[in-house]
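>>> sequence first, predicted model second:
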Amino acid sequence: MTKPRFLTVNPEKCVGCNICEYACSWEKEKTINPLRSRIRVVRIHPFVNQAIVCKLCVDPPCVVSCPREALTSAKETGVIRVDADKCDGCGWCIEACPYGAIRYDQDARAVIVCDLCDGDPKCKTSCPEEAIEFVSADAQIQKAWVAALRAWVEEAKKLIRLYDGEEIDLFGEAVARMDRLDDKLRALFEGAE
C-alpha cells in the first residue's frame, strides 16, 4: 500500500495564529476550544511554528497498540477512525504515535485524531496563510523545511542589518497578514454564532 495524502504545515508560511485549531474544534465539537482540536500548533521557536496532525502511517502503530481495537485505519485513505464506544482512554495509542497526533478528549473520555473532515479539512480551508497542504510523501515535508530554513536565515540577516542601523521595512506585509487573519476569524466566528 502506498502512503495516502495527508496534511502537513509549511513551516515557512505558518504564523502560529491557531485558526486551524479553532476551525477544527468548531467543525468537530461545535466549540472554539483548541484542546478539542485534532490539529495542534506547536511553537518551536519565536519564529518557527509547526502544526501536528495525523500522518496516516501505512502500518499505524496507534491501531496496532490499541488493546480494545477501538482504532481502525481505512484501507483507501489511511484515515484513522476511533470507535468512542470501545475506547476507554487508556492512552496506549497516544504513546505509540510517533508524531504526537492523537489527543485525549477529557469531555468525550476517548481519544481524538484527524479524520481529514471526509476530504475537506476545515483547518486547511481556514488557514489565512495557506500554510496547510496535502502531501503524499515525507520528502515533500523535508523540502518545505529546507526552504523554510533558508528563509529564516534571510530574516535573521534582515534583523542583523536593522541592528547595524540600516532602515528595513519589517512590517511591510504585516498589515496584509493581519487583514487575512481578521477575515478568517470573522468568517469562523460568524459560523459559530
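All right, it came through fine. Numbers count the residues shown, from 1 in each chain.
>>> hey, let's count contacts and neighbours off CA atoms from now on
OK.
>>> how about the secondary structure of the residue of the chain most remote from its centre?
Distance to the chain centre peaks in the chain at Gly165, reaching 37.7 Å (criterion: CA atoms, centre = their mean). Following DSSP: H, G, I helix; E, B strand; the rest coil, Gly165 is assigned to coil.
>>> from Tyr163, how far off is Lys157?
Here Lys157 is placed at a distance of 10 Å from Tyr163 (CA to CA, to the nearest Å).
>>> residue boundaries of the helices in this structure?
Residue ranges of the helices in the chain, as given by DSSP state H, are 19-29, 61-65, 92-96, 122-126, 138-163, 174-192.
>>> who wins for proximity to Thr8 among those helices?
For the helices of the chain, distance to Thr8 was read as CA to CA. The smallest value, 7.3 Å, belongs to helix 138-163.
>>> centre of the chain to that closest one, how far?
Computed by CA atoms, centre = their mean, to the nearest Å, the separation of helix 138-163 from the middle of its chain amounts to 20 Å.
>>> identify the bridge partners of the spatially most central residue of the chain.
For the chain, the residue sitting closest to the mean C-alpha position, by CA atoms, centre = their mean, is Ala51 at 3.5 Å. On the basis of DSSP bridges, Ala51 is bridged to Val41.
>>> where does the protein have low pLDDT?
1-3, 47, 138-139, 145, 170, 191-193 (pLDDT under 70).
>>> look at the nearest residue to Lys86 once chain neighbours are set aside and say how many residues are nearby.
Spatial nearest neighbour of Lys86, chain neighbours left out: Ala70 (5.0 Å); criterion: CA to CA, 6 or more residues apart in numbering. Using other CA atoms under 10 Å, Ala70 has 20 neighbouring residues.
>>> would you mind measuring from the residue farthest from the centre of the chain to Leu185?
For Gly165, the distance to Leu185 - CA to CA - is 37 Å.
>>> got it, and Leu116?
Taking CA to CA, one finds Leu116 at 21 Å from Leu185.
>>> swap in Ser73?
Ser73 is 33 Å from Leu185, by CA to CA.
>>> buried stuff in stretch 33-44?
For stretch 33-44, a neighbour-count test (16 or more other CA atoms under 10 Å) marks 34, 36-41 as buried.
>>> so which of those residues sit within strands?
Counting by DSSP state E, the buried residues of stretch 33-44 place 40-41 in strands.
>>> now, which of the buried residues of stretch 33-44 sits nearest Phe189?
Pro34 (14.3 Å).
>>> list the contacts of the closest one.
By CA atoms under 8 Å, 6 or more residues apart in numbering, the residues touching Pro34 are 18, 21-22, 25, 40.
>>> before we move on, what about Arg36?
By CA under 8 Å, 6+ apart, the neighbours of Arg36 are 25, 29, 105.
>>> with just CA atoms, put stretch 106-125 into CSV.
C-alpha atoms of stretch 106-125 as CSV (Å, rounded to 0.1, in the frame of the first residue of the first chain):
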residue,chain,number,x,y,z
GLN,A,106,-11.5,14.8,28.5
ASP,A,107,-15.1,15.6,27.7
ALA,A,108,-15.6,12.6,25.4
ARG,A,109,-13.4,10.4,27.6
ALA,A,110,-11.9,9.0,24.4
VAL,A,111,-9.1,9.8,22.1
ILE,A,112,-9.5,12.0,19.0
VAL,A,113,-7.4,12.1,15.8
CYS,A,114,-7.7,13.9,12.5
ASP,A,115,-10.1,12.3,10.0
LEU,A,116,-9.4,14.9,7.2
CYS,A,117,-13.1,16.1,7.5
ASP,A,118,-14.0,13.5,4.9
GLY,A,119,-11.6,15.1,2.3
ASP,A,120,-12.4,18.7,3.0
PRO,A,121,-10.3,19.6,6.0
LYS,A,122,-11.6,22.8,7.7
CYS,A,123,-8.2,23.6,9.1
LYS,A,124,-6.8,23.8,5.6
THR,A,125,-9.6,26.0,4.2
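>>> noted, bye for now.
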